[in-house]
Every structure is written in structure tokens, then in C-alpha cells.
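J.: After the sequence you'll find the predicted model.
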Amino acid sequence: MRNHAITTMVAAGLWLALVANAGGATSGEELRLLLLGVQDMNTPQTLLRADIEIELETPERTSKTDAIALFAPGKEARWYVQVREPALRSLVLGSERKAMERVSGTTQTVPIGAPLDALGIAYEDLSRFVVDDFGFWQITDEGAATILVGMHPKAESAYVYRAYSFDKEKKVPLRVQFYAKTLNNLVKLRTDSAHVLVGKKWLPSTIELRDYAENSTTRLRLRWSQNATAPPDLLVPESFAGAPELAWSDAGRAEASARPTP
């Protein structure tokens, strides 16, 4: 807890100090281009599928389940998730900041900040990075290979502030700190690792989300496939409820569509 408190104090201090760029550091225009590059990197060119193994660790127990996620191409930031247990299907409408959940034959609409039932994560935690979702951004720290950028959401969000650590070369987030209600209230930490090249996109094959308020950690292991197939109705709000679910894939027979980072 002491380390957690120190982390939040340091992050808040960085924000309040408005750290200025030193000579040779990334300029404002270069930062804007980097963020647009990150947005492009996480915008699929074709329908992407991820077969996911999920492990949720809490002080009481550790539970495991499987999921499938589909990420649609285009600017709408639309994606679908299907969880095996507890059984759940959801269509996330990123540009509209909401999700359509279907459980036990009933469909309801929830905010994008709502949690995925019993998984220790929210839809927003896994949604794409979109530059226009943030009002402004600033550099709070920078190294040779990474850059830490703080930003305030202007779109509907469960968080008041986020701090992203980006890989400059691959243009992907490595860590995301989520702050709720106040700038010194760090509630979650997302860490992406073991990136693989899927087509021309660098995507994480491991995601870990630490929820400090719940004292839980959710680990996701993803196997990516590009040019995936799915019932067209599955990604259309008007027909989502009646669309059939996706077929589950055996972990050992998933097609290798990506190569590990050297």
C-alpha cells in the first residue's frame, strides 16, 4: 500500500509540475503524430479475432475462463466479446461509448465504463486508443525508447485522467495508469507485453490489469487471427441480439497468424 501511495503522489506531482520538454525531446507536433500513429496501429484493417484465456486472481481465489473478441475495421471502434463462463455476449460501440450486453436471453445497454461480469475488467479498459477521446495531452517523462503521456478524457469515461507509456518505435501502449475521480487516485494499471506482428499491426499477446480498489489482477493471454470470419449480424446493433454466437476454438489448434517480437 505504501508503494501504491507513493506511485499516486508521484503521478500527481508530474501532472501539477507540467514538466517542460528538454532540448531534443519530442515536440508538441511530434507528439500529436505519435499519438495518431498509435491510433492507426490499433485500428484493424480487417476483422481481427482474439482467442483469450482469462485468469482472475483475488485474495479469496483464482478463477479461469475463456473468451473470444472480434475487433471490426474502421473508425467506429466497434468490437465484440463472448465469455464462456459466466456466459456473456457483448457488442461494444466505442464511438457511442456504450455496450450491448446479452445474458440469459436478455439484452441491455450499459455505459462503456461498466464491468464485464466477474472478470475484474471494464469494457473501457480493453477498448481502442482514440486521439479524439481526449481533450489534451502532455509529456510527463521521456526516455530513448518510451514516452509517458498524461491526458484527460473528453468523451464519456469512468476515469478522469490516464497516463500512457508508449513504445516510440512500435507505436503501442506498454502501460496505462487509470485515475478515477481525482488525479491522485490510481485505481487500475494495465500492462501490455509480448507483442506480436499481425499483418502490419503490433498487438499484445499478454495483457495484465491490476485493480487496486478490488485488490485483484486479471491476466489475458491472446492468440490473434486476421481476416477472421463472423456472422455479419453479430456486429450490427439492430441484429446483434438474434445473431448466433461464435464457435469456440481449441487452444492447441489455433492458427499461428503472428510472429513473436525478436
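T.: That came through fine.
J.: contacts and neighbour counts: CA atoms only from here.
T.: Will do.
J.: any low-confidence regions in the stretch 151-262 of the chain?
T.: Where the stretch 151-262 of the chain drops to pLDDT under 70, the residues are 250-262.
J.: need the strands for it, in chain order.
T.: 161-167, 172-179, 186-198, 201-211, 216-225, 259-260 (DSSP state E, counting those that start in this stretch).
J.: same question, the stretch 1-150 of the chain
T.: For the stretch 1-150 of the chain, applying DSSP E, counting those that start in this stretch gives strands covering 48-57, 62-71, 78-83, 88-93, 98-103, 106-111, 115-116, 121-122, 134-142, 146-153.
J.: For Pro204, find the nearest of these.
T.: Closest to Pro204 of the strands of the stretch 1-150 of the chain, according to CA to CA: strand 48-57, at 10.4 Å.
J.: Partner strands of the closest one, with direction?
T.: strand 62-71 (antiparallel), strand 216-225 (antiparallel) (DSSP bridges).
J.: Most tightly packed of those strands?
T.: strand 216-225 (a mean of 21; mean count of other CA atoms under 10 Å).
J.: how about the strands paired with strand 48-57 in a markdown table, adding distance to Leu148?
T.: Formatted as a markdown table, the strands paired with strand 48-57 follow (distance: least, CA to CA, whole Å):
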| stretch | distance to Leu148 |
| --- | --- |
| strand 62-71 | 26 |
| strand 216-225 | 23 |
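J.: still on that earlier bit, would you mind telling me which of the strands of the stretch 151-262 of the chain is nearest Leu47?
T.: Nearest of these to Leu47, taken as CA to CA: strand 216-225 at 8.6 Å.
J.: As PDB, could you dump the C-alpha coordinates of that closest one?
T.: What follows is strand 216-225, C-alpha atoms only, in PDB (Å, rounded to 0.1, in the frame of the first residue of the first chain):
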ATOM      1  CA  SER A 216      -7.500  -8.200  -8.000                       C
ATOM      2  CA  THR A 217      -5.400  -9.000 -11.000                       C
ATOM      3  CA  THR A 218      -6.800 -10.100 -14.400                       C
ATOM      4  CA  ARG A 219      -4.400 -11.800 -16.900                       C
ATOM      5  CA  LEU A 220      -5.300 -12.300 -20.500                       C
ATOM      6  CA  ARG A 221      -3.400 -14.400 -23.000                       C
ATOM      7  CA  LEU A 222      -4.400 -13.700 -26.500                       C
ATOM      8  CA  ARG A 223      -4.000 -15.600 -29.800                       C
ATOM      9  CA  TRP A 224      -4.700 -13.300 -32.800                       C
ATOM     10  CA  SER A 225      -6.100 -14.200 -36.200                       C
END
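J.: got the contact list for it?
T.: Outside strand 216-225, the residues that touch it by CA atoms under 8 Å, 6 or more residues apart in numbering are 48-59, 119-121, 198, 204-211, 254-258.
J.: Could you figure out how far that strand is turned away from strand 201-211?
T.: 160 degrees (axes from the mean of the first three to the mean of the last three CA atoms, to 10 degrees).
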